[in-house]
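1. The following comprises the amino acid sequence and a computationally predicted model.
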Amino acid sequence: MVKRHPVRKAILWGCITTISLAIMIAVGSRELAHFDAALVAYTFATLFATFGITYRYTMWLQRPPTAMYWKRGWQMFFKPQRLLTNMRNLFTRTSSDFAANRFIWKRGKLRWLAHWFIMWGCIVAVAITFPLVFGWLHFASVPGSLDSYRAYLFGFALFDFPVDSIFAFLMFHGLVWSSFAVIFGVMLAMWRRMRDHGAASVQQFVEDILPLILLFAISVTGVMLTASYTWMRGYAFDFIAILHAITVIFTLLYMPFGKFFHIFQRPAQLGATFYKDAGATSEQAHCRRCGEAYSSRMHVEDLISVQKQLGFRYEVAGEVEHYQWICPPCRRAMFVLAQTKQWQGNFGDQMFSSMHEQPAAPRFGNPVISEGPLGHEDQANLHF
Amino acid sequence: MPEAQYEFFIDPSRCIGCQSCVQACSECDTHKGQAMIHLEFVNRHYSTQTAPVVCMHCDSPTCAEVCPADAIKKTPDGVVQTARKPRCIACNNCVLACPFGVPKMNSGAELMMKCDMCYDRTSIGKAPMCASVCPSGALYYGTREQIEAQRPRSMPINQFQFGQQTISTKVHMMVPRTAQPEHIDVLSAMHDHTSGHDIFLMMHDE
Amino acid sequence: MAQLPRSELEMIAVFGPHLAHAQGQRLEAGVEPDRLVKTHCCFCGQQCGIQLKVKDNTVIGFEPWYDFPFNQGMLCPKGVKRYLQGAHPDRLLTALERDPASSGGFRPIGYDAAIQRVAGEIGRIQAQYGNSAFGILSGASLTTEKTYLMGKFARMCLKTPYIDYNGRLCMVSAGAANKKSFGIDRAANAWDDMLHTDVIWISGANVAECAPITTSYVWRARENGAKIIVVDPRITPIARTCDLYLPIKPGRDIALFNGILHLMIKHDWLDHEFINNHTVGFEAVAEHVADWTPKRTAEVTGIAEKGIQQAAEWWGTAKTSFMTHARGIEHHTHGVQNVLGAISLVLASGRIGRPNCGYATITGQANGQGGREHGQKCDQLPGWRDLANPEHRQHIANIWDMPVEEMPQPGVDAYEIFRKIETGEIKGLLSLCFNPKVSLPDSDYVSAMLDKLEFYTSIDFFLNDSARHADIVLPGSLQEEDEGTVTQAEGRVIKINQAIECPGEARQDWRIIQDIAQALGRSKGFTFDGPRAIFEELRRASKGGVADYSGISYEKIEAQNGVFWPCPSDDHPGTPRLFEPNSWNPVAKGAGPFYFPDGKARFNVAPYTPPAEDVDAEYPLMLTTGRVISHFLSGTQTRRIGPLVDQYAEPRIELHPQLAMRLNIQEGDWVTAQTRRGEITLRAQVVRTIRPDTIFVPYHWAGQKSINRLTIAAQDPISKIPEYKVCAVRLIKASQAPAYASQLEPQQ
């Protein structure tokens, strides 16, 4: 029933997460006792972003291919006989792909460096600011001691620390350090985008440049705030604070729509890998033209069902049943041979055909990886 | 919009398998060092026939439709791009679904990559690398007037049939003018190995 | 010298061939080149226009040159990746001296010391044994300026008769036959004349792999309705869809041409008016081909009679036609006869010297045309003058300002030079742009002769396989490090432009030659300050000759995108199509379009003789050799370019499944081919695209993978071209992989 009302479902989920967050804020800040009223604009922007992101995420999950992966990803993950391996893989993949961005390293060293700094800068900043804004985290002087602070999380006292300690300095300036990381990363990314001819041809302002500008603006205004109260006796502090708030709030509102949404989409990569792991050890699909294995049977069948849901009609009369049962190399060969047939009789060549002998799959002309398949999966794509 | 007049035409029957396209493809700035074009021997045992396959840039790309991550985008001028890097989750759906067998999967980079008609070049009015160098004219980039003048025996079509599905594409394929087919039925080649001369046909029996 | 200074494996470890792949600035998508240099490809005779991207004195890539008329931006894979030959780890940056104690067998020495040593040895050998004891081997990939200088260096500085060049292995059979038939040796037409012709006949030319850009002309002609006839023992890519494919036995081309002419006469598919007015000798040829009935032709050529009939009918009844051939019919002991047979078909049809009617050999090397015109051939002086002709000698002696009696008489061909090393007549050798150890037939003999020399010096940018035998190696220049002209396959003179400076102590070849002349104390005539100055002298030297360049200038080449010679004056636009009615030439002087005093072309009787080494019970198969698209000649350059090696890494033996089944050979098996000269073990490629009585092996590799260790050194009596394209061979399945398989990388 909900399936037929994707928008309604998305609104519903949006409301659930947004209200949940609101309740968390109320509870976590002890009925707003520790809530800083000056930050209320930030809070509302966050609540809006939460709604927007959940809405879009829910809509996204309802697209046939995404729904299929969502379902299959969890199924494969929780398969009892695979669970242990999956847990281990989850840990290694989280650390290598998410913490270290190994796959971005493979896409380009400069791209990796930029992304890694931006990502960790943002993670640190978010980890500091959101709990503060929501009133989940706050600091207070230790009663009876002038040179110690006490940290509270959700209103519970955590620990005390001296005001003039290095720890305190690092902690209270955490946003400065994260700003530096983001600024460095953004500058690298901008430099790459201005220089790389390939990137220049495909990039779009709203999708690729605006996010960098926003991150840069947030970081610079944030650092300026610190500079203003540390060295300039609060010169233009209010103005900068408003500027900073504008940039942050704009970014929060932009989150569900633009490039930053990939932060929420990206974890689907894990689902895809668990699906592929399971596929690799399960029954293979064999091409109905050349007979060679080219993918997992599960993947082919799932794709057939997804294509049907999307309205494609790749059904084929006869033993092939569905075009999806033909491997990619044979598709390329048939595509070309179908043209060859059109030209029969015009030139001197003839078709070598046989109803009995299975045609061989075509072979890549250039037998070396660097110019051929791009990795182990592509080898199946090319029957390498 | 002068560049809109330029179109991509392929005629695999002309291909000589020289691999200039493969070598030049890896010189393209959007995927430097890696060739996106496919060039395969259809069945070298029988003949030297080779199959050059570039992205056909479908009007309604199956690869983009089956992408769970919304990563495959078409530009306003109809060019289907390599997966957007932040989004692609390397699920391989597009590789398996493309009716022409075009996308490649770069496993290490967790990224689908494909022919983007040398977007760094075509978007500023230059011809794509493969069609620039192709010595046989199997890959050609030019205006419709040019191709019609140069190839009086051929006509371009862009409708391809896969079972019940018709796919129309931005890239055109050359077929005989005398045949005037409405579309090319790809499955018609299900039982064909390759084409060429049979050497025995013209050999003197001793 | 008795042997290589170090083992082959040790020399390879130091000097390569190693592979270069794109990296650094060549792989970055964001590098803005300092400049684009319009020039031409460094490889084959098509000489495609290309723009090189230059950054920090390095060629980092290419950009198509769409406006150059011949190729309009098209390139083959070699052209695409040629930029990787520069800044290569194997590049010779200093002169080298043979030193068995050093790793790799050579130690670097200063450039000046190396020049002194070379000059000293030349002086010593010439003083001790006479001027002719020192020989020179030159090449047809050099600019015309350099080839001119090499001829002058031999005749004027060294005064030795012994200079020849590697064009001897290329198209000299075509050259000789053209001279005999037309009185001039140049493609009769620009390729544009193919586009609207009725029939294109391609004999022994693997167009798709050896002259790839020509493919576009052939296919465009096909679109306009042309029939394509391909004659080849293999179904090459251009043959795959041709209209008529004739699977000829290697070495039987003249039989086919005679058989076709027989049918043309029988059916009166002749242009009598042309034959009567513009040719001589038809009757004798007609009488000779009377015996070449389709039945006999079929028996000799191995082609079915119906194929011969069909070809004759298409050729005979065509209104326009283009005949073209290449090494397939030229690399034979009767290569000249084969070409004469092809020319007879052209003359009998009368289809030459007018639009859409043409004839050409497809020249192989970069400057295969220009390199055979200006005096580096053993019997030739600039402007296609004859070294034996007193008038010609005097003309050149005047230009060079030397006493004519000091000018040596004609020498011998490149292979004969090695025989003269064996007899002890030649004691010292200088080679430039020539790798005889890989490219000459029966090459174990060639290696032994290189070792027999008292002194051998090689000029090259990499340590080529022959240079490993040298005493001194001089570091020469890459094509992109120098400027000059080249004459491509159509006869179009084009300009190579310098893109970068020579690295290290490497020098432009013309400087090296002049430095040697100076060190010899014979610098007179060798004080050019650059290629332009050489070209100016060449223009004067060629004036009035058949190959008249006197109206060509660097500026005119640039303005016209090339100038077709002959171009006898400044206001002359050049001559794309030869033999047009009423055209003037310096030999006929208006008597007719052909380059004989009567202005008429010559029919030549071309008798069939079997190959020098026919098959027998012991060696029952035919071995034929050739090229693959991703490599060029002896592979000195292309075997160092990673992506080209990726494309075709190692030689394979191509054989038909019928033969494979008989010998129990599967695809990929190790197979040994044996001839009377040597044996080779390579992997099998089992394909139905070759005659079952023939095997094919490409020749670009050295050492244990060099097929020229098996080919026969028999030569055409007229052109002296070796018979690469056929010899007797036997094949056996190898019991195990050869030792080299585990020791060498594919390209080594």
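-> Received the coordinates, thanks.
2. Nearest the geometric middle of chain B, what residue?
-> Nearest to the geometric centre of chain B sits residue B:54, at 2.3 Å (Cα atoms, centre = their mean).
3. meant to ask about chain C
-> The centroid of chain C falls nearest to residue C:170 when counting by Cα atoms, centre = their mean (3.5 Å).
4. list the contacts for that one?
-> Counting by Cβ atoms under 8 Å, 6 or more residues apart in numbering or on different chains, residue C:170 makes contact with C:140, C:327, C:363-365, C:368, C:721. C-betas here are computed from N, CA, C, even on glycine.
5. 6 Å instead?
-> Residues in contact with residue C:170 (Cβ atoms under 6 Å, 6 or more residues apart in numbering or on different chains) are C:364-365, C:368.
6. go on, residue A:72?
-> Here residue A:72 is in contact with residue A:275 (Cβ under 6 Å, 6+ apart).
7. Would you state the helices of chain B in chain order?
-> Secondary structure of chain B (DSSP state H): helices located at B:20-25, B:62-65, B:93-97, B:119-122, B:129-133, B:144-150.
8. closest one to chain A among those helices?
-> Go through those one by one with Cβ to the nearest Cβ and the one that ends up closest to chain A is helix B:119-122, at 3.8 Å.
9. What are the contacting residues of that closest one?
-> Contacts with helix B:119-122, where a contact means Cβ under 6 Å, 6+ apart, come from A:197-198, A:201-202, B:29-30, B:79, B:128.
10. rewinding a little: from the contacts of residue C:170, pick the one nearest residue C:665.
-> Among the contacts of residue C:170, residue C:364 lies closest to residue C:665 (Cβ to Cβ), at 31.2 Å.
11. Contacts only, for the closest one.
-> C:45, C:170.
12. again, 8 Å this time
-> C:44-45, C:170-171, C:210-211, C:326-327.
13. List the ones among the residues you listed that fall in helices.
-> Counting by DSSP H, the contacts of residue C:364 place C:210, C:327 in helices.
14. Any chance of a markdown table for the contacts of residue C:364, columns distance to residue C:656?
-> Formatted as a markdown table, the contacts of residue C:364 follow (distance: Cβ to Cβ, whole Å):
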| residue | distance to residue C:656 |
| --- | --- |
| C:44 | 28 |
| C:45 | 31 |
| C:170 | 29 |
| C:171 | 29 |
| C:210 | 22 |
| C:211 | 25 |
| C:326 | 23 |
| C:327 | 22 |
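15. Find the nearest non-adjacent residue to residue 74, please.
-> Picking chain A for this. In this structure, residue A:74 finds its nearest non-sequential neighbour in residue A:271, 7.3 Å apart by Cβ to Cβ, 6 or more residues apart in numbering or on different chains.
16. meant chain C, my bad for not saying
-> Using Cβ to Cβ, 6+ apart, the closest residue to residue C:74 is residue B:135 (4.8 Å).
17. State the distance from the one you found to residue C:151.
-> Using Cβ to Cβ, to the nearest Å, we find residue B:135 at a distance of 34 Å from residue C:151.
18. got it, and residue C:201?
-> Residue C:201 is 35 Å from residue C:151, where distance means Cβ to Cβ.
19. Look up the residues forming beta bridges with residue C:680.
-> Beta-bridge pairing of residue C:680 under DSSP bridges involves residue C:673.
20. Enumerate every residue touching it.
-> Per Cβ under 8 Å, 6+ apart, neighbours of residue C:680: C:672-673, C:697, C:704-707, C:709-710.
21. would a markdown table of those with pLDDT and neighbour count be doable?
-> Shown next, in a markdown table, are the contacts of residue C:680 (pLDDT from 0 to 100; neighbours: other Cβ atoms under 10 Å in any protein chain shown):
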| residue | pLDDT | neighbour count |
| --- | --- | --- |
| C:672 | 98 | 16 |
| C:673 | 98 | 23 |
| C:697 | 98 | 25 |
| C:704 | 94 | 18 |
| C:705 | 96 | 24 |
| C:706 | 96 | 25 |
| C:707 | 96 | 28 |
| C:709 | 95 | 23 |
| C:710 | 96 | 24 |
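22. is it possible to export the residues you listed to JSON lines including distance to residue C:113 and secondary structure?
-> Formatted as JSON lines, the contacts of residue C:680 follow (distance: Cβ to Cβ, whole Å; DSSP: H, G, I helix; E, B strand; the rest coil):
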{"residue": "C:672", "distance to residue C:113": "46", "secondary structure": "strand"}
{"residue": "C:673", "distance to residue C:113": "45", "secondary structure": "strand"}
{"residue": "C:697", "distance to residue C:113": "42", "secondary structure": "strand"}
{"residue": "C:704", "distance to residue C:113": "35", "secondary structure": "helix"}
{"residue": "C:705", "distance to residue C:113": "35", "secondary structure": "helix"}
{"residue": "C:706", "distance to residue C:113": "33", "secondary structure": "coil"}
{"residue": "C:707", "distance to residue C:113": "38", "secondary structure": "helix"}
{"residue": "C:709", "distance to residue C:113": "35", "secondary structure": "helix"}
{"residue": "C:710", "distance to residue C:113": "40", "secondary structure": "coil"}
